[in-house]
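S.K.: build the 3D model from these lines:
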Amino acid sequence: MNLLLPIMALAAVQAPAAVGPQEPPETRYRRCADQVRTNPAQAVDAANQWLVQGGSLYARQCLGLAYVALERWEPAATVYEQAASEVPAAQDALRADLFVQAGNAWIAAAQPTRAILAFDQALTAPGLTDELRGEVHLDRARALVALDNPAGARQDLDRAVQLVPADPFAWYLSAALARREGNLSRARVDIGRALEIAPDNPDMQLLAGTLAGLAGDLQEAERLYRRVAERAPDGAAGRAARASLETLREVETPATVPQTAPEQSVSPQ
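M.R.: The predicted structure follows:
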(Lines give C-alpha, C1' and ligand atoms only; values in the text may rest on other atoms or scores of the structure.)
Protein backbone atom coordinates (compact mmCIF):
# COMPACT_ATOMS: atom_id res chain seq x y z
CA MET A 1 0.00 0.00 0.00
CA ASN A 2 1.09 3.61 -0.59
CA LEU A 3 0.73 4.68 2.98
CA LEU A 4 2.46 8.04 3.00
CA LEU A 5 2.13 9.51 -0.48
CA PRO A 6 0.17 12.74 -1.02
CA ILE A 7 -2.99 12.71 -3.05
CA MET A 8 -1.16 14.64 -5.80
CA ALA A 9 1.55 12.18 -6.81
CA LEU A 10 3.90 14.02 -9.11
CA ALA A 11 6.82 11.68 -9.69
CA ALA A 12 6.80 11.99 -13.47
CA VAL A 13 6.64 15.78 -13.70
CA GLN A 14 9.78 17.67 -14.73
CA ALA A 15 10.85 20.73 -12.76
CA PRO A 16 10.80 24.06 -14.63
CA ALA A 17 14.10 25.59 -15.70
CA ALA A 18 13.49 28.88 -13.90
CA VAL A 19 11.22 30.30 -11.23
CA GLY A 20 9.29 33.44 -12.06
CA PRO A 21 7.69 35.84 -9.61
CA GLN A 22 4.21 34.69 -10.60
CA GLU A 23 5.00 30.99 -10.42
CA PRO A 24 1.78 29.01 -9.82
CA PRO A 25 1.74 27.16 -6.48
CA GLU A 26 1.16 23.84 -8.27
CA THR A 27 4.39 24.32 -10.22
CA ARG A 28 6.36 25.25 -7.14
CA TYR A 29 4.94 22.20 -5.34
CA ARG A 30 6.14 19.93 -8.15
CA ARG A 31 9.59 21.45 -8.00
CA CYS A 32 9.65 21.02 -4.22
CA ALA A 33 8.49 17.40 -4.52
CA ASP A 34 11.31 16.74 -6.99
CA GLN A 35 13.75 18.16 -4.45
CA VAL A 36 12.37 15.81 -1.78
CA ARG A 37 13.53 12.88 -3.88
CA THR A 38 17.07 14.26 -4.32
CA ASN A 39 17.75 16.15 -1.08
CA PRO A 40 14.94 16.00 1.51
CA ALA A 41 16.85 18.10 4.06
CA GLN A 42 17.10 20.96 1.58
CA ALA A 43 13.43 20.43 0.72
CA VAL A 44 12.55 21.02 4.38
CA ASP A 45 14.34 24.37 4.25
CA ALA A 46 12.72 25.29 0.94
CA ALA A 47 9.23 24.37 2.15
CA ASN A 48 9.66 26.33 5.39
CA GLN A 49 10.84 29.36 3.40
CA TRP A 50 7.80 28.95 1.18
CA LEU A 51 5.56 28.91 4.27
CA VAL A 52 7.07 32.19 5.43
CA GLN A 53 6.24 33.59 2.00
CA GLY A 54 2.61 32.46 2.36
CA GLY A 55 2.80 29.06 0.67
CA SER A 56 0.11 27.63 2.94
CA LEU A 57 -1.46 24.31 1.81
CA TYR A 58 0.97 23.43 -1.00
CA ALA A 59 4.00 24.31 1.11
CA ARG A 60 2.76 22.17 3.99
CA GLN A 61 2.19 19.20 1.70
CA CYS A 62 5.78 19.41 0.45
CA LEU A 63 7.09 19.87 3.98
CA GLY A 64 5.20 16.75 5.03
CA LEU A 65 6.75 14.81 2.15
CA ALA A 66 10.23 15.96 3.15
CA TYR A 67 9.74 14.96 6.78
CA VAL A 68 8.52 11.52 5.68
CA ALA A 69 11.58 11.07 3.47
CA LEU A 70 13.72 11.86 6.51
CA GLU A 71 11.58 9.53 8.68
CA ARG A 72 10.76 12.43 10.99
CA TRP A 73 7.34 11.02 11.64
CA GLU A 74 5.97 13.29 14.36
CA PRO A 75 6.60 16.59 12.55
CA ALA A 76 5.30 14.97 9.35
CA ALA A 77 2.04 14.04 11.08
CA THR A 78 1.67 17.52 12.55
CA VAL A 79 2.25 19.21 9.20
CA TYR A 80 -0.24 16.95 7.41
CA GLU A 81 -2.89 17.77 10.02
CA GLN A 82 -2.18 21.48 9.59
CA ALA A 83 -2.50 21.08 5.82
CA ALA A 84 -5.81 19.26 6.23
CA SER A 85 -7.18 22.16 8.26
CA GLU A 86 -6.46 24.50 5.34
CA VAL A 87 -8.29 22.47 2.68
CA PRO A 88 -11.41 24.21 1.32
CA ALA A 89 -14.70 22.65 2.32
CA ALA A 90 -15.41 21.59 -1.25
CA GLN A 91 -12.33 19.33 -1.33
CA ASP A 92 -13.40 16.65 1.12
CA ALA A 93 -11.35 13.92 -0.56
CA LEU A 94 -8.11 15.93 -0.26
CA ARG A 95 -8.79 16.72 3.42
CA ALA A 96 -9.45 13.03 4.12
CA ASP A 97 -6.29 12.01 2.29
CA LEU A 98 -4.17 14.40 4.32
CA PHE A 99 -5.62 13.08 7.57
CA VAL A 100 -4.80 9.56 6.38
CA GLN A 101 -1.21 10.64 5.75
CA ALA A 102 -1.14 12.14 9.24
CA GLY A 103 -2.56 8.98 10.78
CA ASN A 104 0.02 6.76 9.15
CA ALA A 105 2.80 9.09 10.25
CA TRP A 106 1.47 8.91 13.82
CA ILE A 107 1.57 5.10 13.61
CA ALA A 108 5.18 5.27 12.43
CA ALA A 109 5.88 7.64 15.35
CA ALA A 110 4.49 4.99 17.76
CA GLN A 111 1.53 7.20 18.70
CA PRO A 112 -1.48 5.06 17.71
CA THR A 113 -3.97 7.04 19.80
CA ARG A 114 -3.25 10.18 17.79
CA ALA A 115 -3.38 8.08 14.63
CA ILE A 116 -6.94 6.99 15.42
CA LEU A 117 -7.99 10.60 15.95
CA ALA A 118 -6.63 11.46 12.51
CA PHE A 119 -8.34 8.48 10.86
CA ASP A 120 -11.62 9.42 12.54
CA GLN A 121 -11.29 12.89 11.04
CA ALA A 122 -10.79 11.32 7.62
CA LEU A 123 -13.92 9.21 8.01
CA THR A 124 -16.06 12.29 8.62
CA ALA A 125 -15.63 13.42 5.00
CA PRO A 126 -19.02 12.93 3.31
CA GLY A 127 -17.69 12.39 -0.19
CA LEU A 128 -15.33 9.49 0.47
CA THR A 129 -15.37 6.66 -2.04
CA ASP A 130 -15.83 3.13 -0.75
CA GLU A 131 -12.23 2.40 -1.69
CA LEU A 132 -10.78 5.25 0.35
CA ARG A 133 -13.16 4.56 3.26
CA GLY A 134 -12.04 0.94 3.27
CA GLU A 135 -8.38 1.91 3.33
CA VAL A 136 -9.03 4.23 6.28
CA HIS A 137 -10.67 1.38 8.21
CA LEU A 138 -7.69 -0.79 7.35
CA ASP A 139 -5.22 1.76 8.69
CA ARG A 140 -7.39 2.37 11.74
CA ALA A 141 -7.26 -1.36 12.49
CA ARG A 142 -3.47 -1.20 12.43
CA ALA A 143 -3.55 1.54 15.06
CA LEU A 144 -5.96 -0.46 17.23
CA VAL A 145 -3.71 -3.52 17.05
CA ALA A 146 -0.85 -1.30 18.25
CA LEU A 147 -3.09 -0.28 21.16
CA ASP A 148 -3.71 -3.97 21.96
CA ASN A 149 -7.41 -3.65 21.09
CA PRO A 150 -8.05 -6.71 18.89
CA ALA A 151 -11.84 -6.47 19.24
CA GLY A 152 -11.86 -2.94 17.85
CA ALA A 153 -9.39 -3.91 15.15
CA ARG A 154 -11.63 -6.81 14.11
CA GLN A 155 -14.56 -4.44 13.55
CA ASP A 156 -12.47 -2.18 11.35
CA LEU A 157 -10.93 -5.07 9.40
CA ASP A 158 -14.33 -6.67 8.76
CA ARG A 159 -15.48 -3.34 7.36
CA ALA A 160 -12.30 -2.99 5.32
CA VAL A 161 -12.59 -6.36 3.57
CA GLN A 162 -16.19 -5.49 2.68
CA LEU A 163 -15.22 -2.15 1.16
CA VAL A 164 -11.90 -3.13 -0.47
CA PRO A 165 -12.11 -6.87 -1.15
CA ALA A 166 -9.44 -6.58 -3.85
CA ASP A 167 -6.80 -5.32 -1.39
CA PRO A 168 -4.66 -8.32 -0.41
CA PHE A 169 -3.24 -6.47 2.58
CA ALA A 170 -6.71 -6.25 4.14
CA TRP A 171 -7.08 -10.04 3.95
CA TYR A 172 -3.52 -10.52 5.19
CA LEU A 173 -4.10 -8.37 8.27
CA SER A 174 -7.44 -10.09 8.87
CA ALA A 175 -5.69 -13.47 8.76
CA ALA A 176 -2.98 -12.31 11.16
CA LEU A 177 -5.59 -10.99 13.57
CA ALA A 178 -7.64 -14.19 13.31
CA ARG A 179 -4.55 -16.16 14.25
CA ARG A 180 -4.10 -13.92 17.27
CA GLU A 181 -7.75 -14.47 18.15
CA GLY A 182 -7.27 -18.24 17.99
CA ASN A 183 -9.57 -18.59 14.97
CA LEU A 184 -7.29 -20.75 12.83
CA SER A 185 -9.96 -21.72 10.30
CA ARG A 186 -10.77 -18.10 9.50
CA ALA A 187 -7.08 -17.23 9.40
CA ARG A 188 -6.44 -19.87 6.72
CA VAL A 189 -9.43 -18.76 4.67
CA ASP A 190 -8.39 -15.11 4.80
CA ILE A 191 -4.75 -15.75 3.95
CA GLY A 192 -5.99 -17.86 1.06
CA ARG A 193 -7.93 -14.85 -0.23
CA ALA A 194 -4.84 -12.68 0.13
CA LEU A 195 -2.74 -15.12 -1.89
CA GLU A 196 -5.36 -15.33 -4.62
CA ILE A 197 -4.80 -11.61 -5.17
CA ALA A 198 -1.05 -11.44 -4.48
CA PRO A 199 0.30 -14.98 -4.93
CA ASP A 200 3.97 -13.95 -4.91
CA ASN A 201 3.97 -11.79 -1.78
CA PRO A 202 6.58 -13.31 0.58
CA ASP A 203 5.01 -12.00 3.79
CA MET A 204 1.68 -13.54 2.87
CA GLN A 205 3.32 -16.82 1.88
CA LEU A 206 5.19 -16.84 5.17
CA LEU A 207 2.00 -16.42 7.18
CA ALA A 208 0.29 -19.09 5.09
CA GLY A 209 3.15 -21.46 5.91
CA THR A 210 2.86 -20.71 9.62
CA LEU A 211 -0.89 -21.30 9.56
CA ALA A 212 -0.41 -24.58 7.68
CA GLY A 213 2.09 -25.69 10.31
CA LEU A 214 -0.28 -24.78 13.14
CA ALA A 215 -2.97 -26.85 11.43
CA GLY A 216 -0.62 -29.85 11.31
CA ASP A 217 0.02 -29.69 7.56
CA LEU A 218 3.80 -29.76 7.80
CA GLN A 219 4.29 -30.66 4.15
CA GLU A 220 2.43 -27.55 2.99
CA ALA A 221 4.22 -25.44 5.57
CA GLU A 222 7.59 -26.65 4.31
CA ARG A 223 6.60 -26.00 0.68
CA LEU A 224 5.66 -22.41 1.46
CA TYR A 225 8.68 -21.75 3.64
CA ARG A 226 11.01 -23.05 0.95
CA ARG A 227 9.33 -20.87 -1.64
CA VAL A 228 9.80 -17.76 0.50
CA ALA A 229 13.39 -18.66 1.38
CA GLU A 230 14.28 -19.16 -2.29
CA ARG A 231 12.47 -16.14 -3.73
CA ALA A 232 13.18 -13.57 -1.01
CA PRO A 233 16.45 -14.78 0.51
CA ASP A 234 17.69 -11.40 1.66
CA GLY A 235 14.48 -10.04 3.16
CA ALA A 236 13.00 -10.41 6.63
CA ALA A 237 10.45 -12.91 5.31
CA GLY A 238 13.20 -15.06 3.77
CA ARG A 239 15.18 -15.10 7.00
CA ALA A 240 12.08 -16.03 8.99
CA ALA A 241 11.26 -18.78 6.50
CA ARG A 242 14.71 -20.32 6.86
CA ALA A 243 14.39 -20.26 10.64
CA SER A 244 10.97 -21.92 10.39
CA LEU A 245 12.37 -24.61 8.12
CA GLU A 246 14.91 -25.48 10.80
CA THR A 247 12.09 -25.72 13.32
CA LEU A 248 10.15 -28.04 11.01
CA ARG A 249 13.17 -30.28 10.65
CA GLU A 250 13.43 -30.51 14.43
CA VAL A 251 9.75 -31.47 14.61
CA GLU A 252 10.02 -34.06 11.85
CA THR A 253 13.27 -35.65 13.06
CA PRO A 254 12.62 -38.18 15.85
CA ALA A 255 14.49 -37.48 19.00
CA THR A 256 17.45 -39.79 19.24
CA VAL A 257 17.83 -41.92 22.30
CA PRO A 258 21.29 -41.49 23.71
CA GLN A 259 23.29 -44.69 23.64
CA THR A 260 24.50 -45.92 26.99
CA ALA A 261 27.50 -48.05 27.45
CA PRO A 262 26.65 -51.74 27.85
CA GLU A 263 26.85 -53.02 31.33
CA GLN A 264 30.00 -54.96 31.96
CA SER A 265 29.71 -58.23 33.73
CA VAL A 266 31.58 -58.37 36.94
CA SER A 267 33.26 -61.65 37.76
CA PRO A 268 32.86 -62.72 41.30
CA GLN A 269 36.00 -62.47 43.23
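
S.K.: contacts only, for Val164.
M.R.: Contacts for Val164 (CB atoms under 8 Å, 6 or more residues apart in numbering) come out as Asp130, Glu131, Gly134, Glu135, Leu138, Ala170. For every residue, glycine as well, the C-beta is placed using N, CA and C.

S.K.: ok, now Tyr80?
M.R.: By CB under 8 Å, 6+ apart, the residues touching Tyr80 are Arg60, Gln61, Gly64, Leu98, Phe99, Gln101, Ala102, Ala105, Ala118.

S.K.: if any of the contacts of Val164 are buried, give me the ChimeraX selection for them.
M.R.: Under the burial definition 16 or more other CB atoms under 10 Å, those of the contacts of Val164 that qualify are selected in ChimeraX by:
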select :134,135,138,170
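
S.K.: next, format the contacts of Val164 as TSV and append secondary structure.
M.R.: Output for the contacts of Val164, formatted as TSV (DSSP: H, G, I helix; E, B strand; the rest coil):
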residue	secondary structure
Asp130	helix
Glu131	helix
Gly134	helix
Glu135	helix
Leu138	helix
Ala170	helix
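
S.K.: which of the contacts of Val164 lies closest to Leu163?
M.R.: Nearest to Leu163 among the contacts of Val164 is Gly134, at 2.9 Å by CB to CB.

S.K.: pretty sure the closest one contacts Asp167?
M.R.: Yes - counting by CB atoms under 8 Å, Gly134 touches Asp167, with 7.1 Å between them.

S.K.: give me the common contacts of the two.
M.R.: Shared contacts of Gly134 and Asp167, defined by CB under 8 Å, 6+ apart, are found at Ala160.

S.K.: pLDDT score for the residue nearest to Leu206 when sequence neighbours are not counted?
M.R.: Once flanking residues are discounted, Leu206 sits nearest to Ala237: 4.7 Å by CB to CB, 6 or more residues apart in numbering. You'll see Ala237 listed with a pLDDT of 95.

S.K.: buried set for the host helix or strand of Ala237?
M.R.: Assigned by DSSP states H and E, Ala237 belongs to helix 236-252. For helix 236-252, the neighbour count (16+ other CB under 10 Å) marks Ala237, Gly238, Ala240, Ala241, Ser244, Leu245, Leu248 as buried.

S.K.: least confident pick among the residues you listed?
M.R.: Leu248 (85).

S.K.: tell me the pLDDT at the closest residue in space to that residue that isn't next to it in sequence?
M.R.: Spatial nearest neighbour of Leu248, excluding adjacent residues (CB to CB, 6+ apart): Glu222 at 5.5 Å. The score at Glu222 is 95. That number is its pLDDT.
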